[in-house]
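1. Fold the stuff below for me.
(chains A and B)
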Number of protein chains: 2
Amino acid sequence: MAELKRLSLNTATVNQWSLKECIEGCVRHGVPAIDPWRDKLHELGVDTAAKMISDNGLEVSALCRGGMFTGLDDASRQVALDDNRRAVDEAVAIGAQCLVLVVGGLPDGSKDIGEARGQVRDAIGTLLDYSRSCNIPLAIEPLHPMFAADRACVNTLAQANDLCDELGDGVGVAVDAYHVWWDPDLAPEIARAKGRILGFHVCDWLVPTTDLLLDRGMMGDGVIDLPAMRQMVEAAGYHGLIEVEIFSAENWWKRDGDEVMQIVIERFDKVV
Amino acid sequence: MAELKRLSLNTATVNQWSLKECIEGCVRHGVPAIDPWRDKLHELGVDTAAKMISDNGLEVSALCRGGMFTGLDDASRQVALDDNRRAVDEAVAIGAQCLVLVVGGLPDGSKDIGEARGQVRDAIGTLLDYSRSCNIPLAIEPLHPMFAADRACVNTLAQANDLCDELGDGVGVAVDAYHVWWDPDLAPEIARAKGRILGFHVCDWLVPTTDLLLDRGMMGDGVIDLPAMRQMVEAAGYHGLIEVEIFSAENWWKRDGDEVMQIVIERFDKVV
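-> As a prediction, this is how the structure comes out:
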């Protein structure tokens, strides 16, 4: 099973906490790393957050998130690119190991997912000029196909690997168990990602799932064979931090944050 | 756009109607074909339904559905196979052009989707001995990956095509726009299915989607480029019936059935 020293808290898991509370919670529970979402980061202030993370000796597995590149016109896509450059700057400021990209879905009113996918490729290609100069790797996170319309039109590891092949250095993939567990090509595509896996995220797929976005499960409460996937990722050379990222509006977000942290740690030890 | 003579009513679209009402509704609205779900078929009685469908000159695009092959033990899988043989008999009785297969997800408590996929292959292989002798083609319907755990572990056209390659004559695919629209390999896998496409189902993907199962949209209300997909299917040689299948607990199932039929026909003419 996974060792605690590899655990990183994605701050979405304890949405009820501010980033300050998340950092303090990690320290209190012995969690060595964190991945802050940008809204919480902005709330605390980037400089304050950077100092607090550093003073407490936390690693930063990633910054969540850049992306949302797709848009109906050049102007809106330029706004997105500018925001992504700021995200790269923030990743530098807090010492993040990479910037996670949720690439964006169909622009409003569009039914052309091929066009959206082309926009994503072009935007990452442009962003790479900047992110490479800042030494921030970009981690393309394929999202579950149920998010193809509204969040990310990159929906399989095969697509993410194809993008990496095309775009070259400075870009890799984030493997999130929730998004890819169902994929018949999971094993070969994780193997293909060797050398470019920048993150591994865990939670669980609940049966039934009552909400597309906000009903993710705690590891062990669903159907994903997490140890098998961890072994695939390790066989592909990834031995870095493992993020726990659980969106759970009706369950985990309503509990006491310290209880959530305790259970995250127990489950990480037992079922990841 | 698609011609009305190709329209088939999947009875799930007007869940508020019995099969008798669906048949009468098709006749009243000039819809030439139907695909009954088995629960409604059993309610009316297979013989009565067969006679009523035939007397009214309706075509039967398919019987919905067989499948659900996966199980924890031989006994439960045998029960499923026996039920599928009865489904083949019913398909014969009502003159269905094929039997749609929703193959089943993970057995309760299992996390081994590879094992489930193997069970599906073996079960279809066994069922084929019977279905071939009855001249009922089996239509494997890949379901959206969000149903991988609880409904179908065949989640892409590539998987369905692989199964067809392996299993030989008597088995093909049902292409349901809702389940496959997001697939980066949609075009090549539809082309690959040439000669084995047994059905084409339409509805739409709503943004937002509020329920995984029961929030499908009317054609034109979502993001799927249905004419593009119809053209792919036609380029692959399929010029048969097009089923409208809409699960919509909070919208279309609450309306007057005749209003639903009228809008189905309008949209079929305009946006499919």
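2. Tell me the residues of the stretch 151-272 of chain A that contact chain B?
-> When proximity is defined by CB under 8 Å from any CB of the partner chain, the stretch 151-272 of chain A lies next to chain B at A:153, A:155-156, A:158-159, A:181-184, A:205, A:207-209, A:212, A:222-225, A:228. In short, each C-beta sits where N, CA and C put it, glycine included.
3. quick one, what contacts the residue nearest the centre of chain A?
-> For chain A, the residue nearest the mean C-alpha position is residue A:100 (5.1 Å; CA atoms, centre = their mean). Counting by CB atoms under 8 Å, 6 or more residues apart in numbering or on different chains, residue A:100 touches A:35, A:62, A:63, A:64, A:65, A:66, A:67, A:139, A:141, A:174, A:199.
4. Just the buried ones among the residues of the stretch 151-272 of chain A next to chain B, please.
-> Using 16 or more other CB atoms under 10 Å in any protein chain shown as the burial test, these include A:153, A:155-156, A:158-159, A:181-184, A:205, A:209, A:212, A:222-225, A:228 as buried.
5. Could you count how many residues lie near the closest residue to residue A:13 other than its chain neighbours?
-> Take residue A:13 and drop its neighbours on the chain: the residue closest to it by CB to CB, 6 or more residues apart in numbering or on different chains is residue A:246, 4.5 Å away. Burial of residue A:246 is recorded as 26 neighbouring residues (other CB atoms under 10 Å in any protein chain shown).
6. Which of the three states applies to residue A:246?
-> coil (DSSP: H, G, I helix; E, B strand; the rest coil).
7. Point me to the helix or strand that includes the residue in the stretch 151-272 of chain A positioned nearest to chain B.
-> Closest to chain B within the stretch 151-272 of chain A is residue A:182: 3.7 Å, counting by CB to the nearest CB. Counting by DSSP states H and E, residue A:182 is held by no secondary-structure element, helix or strand.
8. on that earlier part again, got a list of what the residue nearest to residue A:13 touches?
-> A:10, A:12, A:13, A:203, A:216, A:217, A:218, A:252, A:264.
9. List the contacts of the residue nearest to the last one when sequence neighbours are not counted.
-> This means residue A:264. Spatial nearest neighbour of residue A:264, chain neighbours left out: residue A:244 (5.2 Å); criterion: CB to CB, 6+ apart. Neighbour list for residue A:244: A:7, A:8, A:9, A:10, A:13, A:201, A:202, A:203, A:219, A:264, A:268 [criterion: CB under 8 Å, 6+ apart].
10. Among those, name the buried ones.
-> Looks like these have A:7, A:8, A:9, A:10, A:13, A:201, A:202, A:203, A:219, A:264, A:268 buried, using 16+ other CB under 10 Å.
11. Need the three-state assignment for residue A:259.
-> When the rule is three-state DSSP, residue A:259 gets the label helix.
12. Flag every residue of the stretch 1-150 of chain A that's near chain B.
-> So the stretch 1-150 of chain A meets chain B at A:106, A:110, A:111, A:112, A:113, A:117, A:144, A:145, A:146, A:148, A:149, A:150 (CB under 8 Å from any CB).
13. one more time with 7 Å
-> By the rule CB under 7 Å from any CB of the partner chain, the part of the stretch 1-150 of chain A lying against chain B is A:106, A:111, A:112, A:113, A:144, A:145, A:146, A:148, A:149, A:150.
14. Where does the prediction get shaky in chain A?
-> Within chain A, the stretches with pLDDT under 70 are A:1.
15. in it, which spans are helices?
-> For chain A, the helices defined by DSSP state H occupy A:19-29, A:38-44, A:46-55, A:74-94, A:113-133, A:157-167, A:177-180, A:186-192, A:226-235, A:257-271.
16. any idea of the angle the first one forms with helix A:46-55?
-> Spelled out, it's helix A:19-29. On the basis of axes from the mean of the first three to the mean of the last three CA atoms, to 10 degrees, helix A:19-29 is oriented at 0 degrees to helix A:46-55.
17. So which bits of helix A:19-29 are buried?
-> Here helix A:19-29 shows A:19, A:21, A:22, A:23, A:25, A:26, A:27, A:29 as buried, counting by 16+ other CB under 10 Å.
18. now swap in the fifth one and tell me
-> Residues of helix A:113-133 classed as buried by neighbour count (16+ other CB under 10 Å): A:113, A:116-117, A:119-121, A:123-124, A:126-128, A:131-132.
19. Over to stretch A:46-66?
-> A:46, A:49-50, A:52-53, A:58-66.
20. Can you pick out the most distant pair from the residues you listed?
-> Greatest spatial distance among these (CB to CB): A:52 and A:66, at 22.1 Å.
21. Skip the chain neighbours and tell me the closest residue to residue A:225.
-> Nearest to residue A:225 is residue B:111, by CB to CB, 6+ apart, at 4.1 Å.
22. can you pull the contacts of that neighbour?
-> Each residue near residue B:111 by CB atoms under 7 Å, 6 or more residues apart in numbering or on different chains is listed here: A:223, A:224, A:225.
23. Give me the residues contacting stretch A:23-40.
-> For stretch A:23-40, the surrounding residues in contact (CB under 7 Å, 6+ apart) are A:4-5, A:7-12, A:14, A:17-19, A:22, A:49, A:52-53, A:56, A:58-65, A:87, A:90, A:241, A:243, A:257-258, A:261, A:265.
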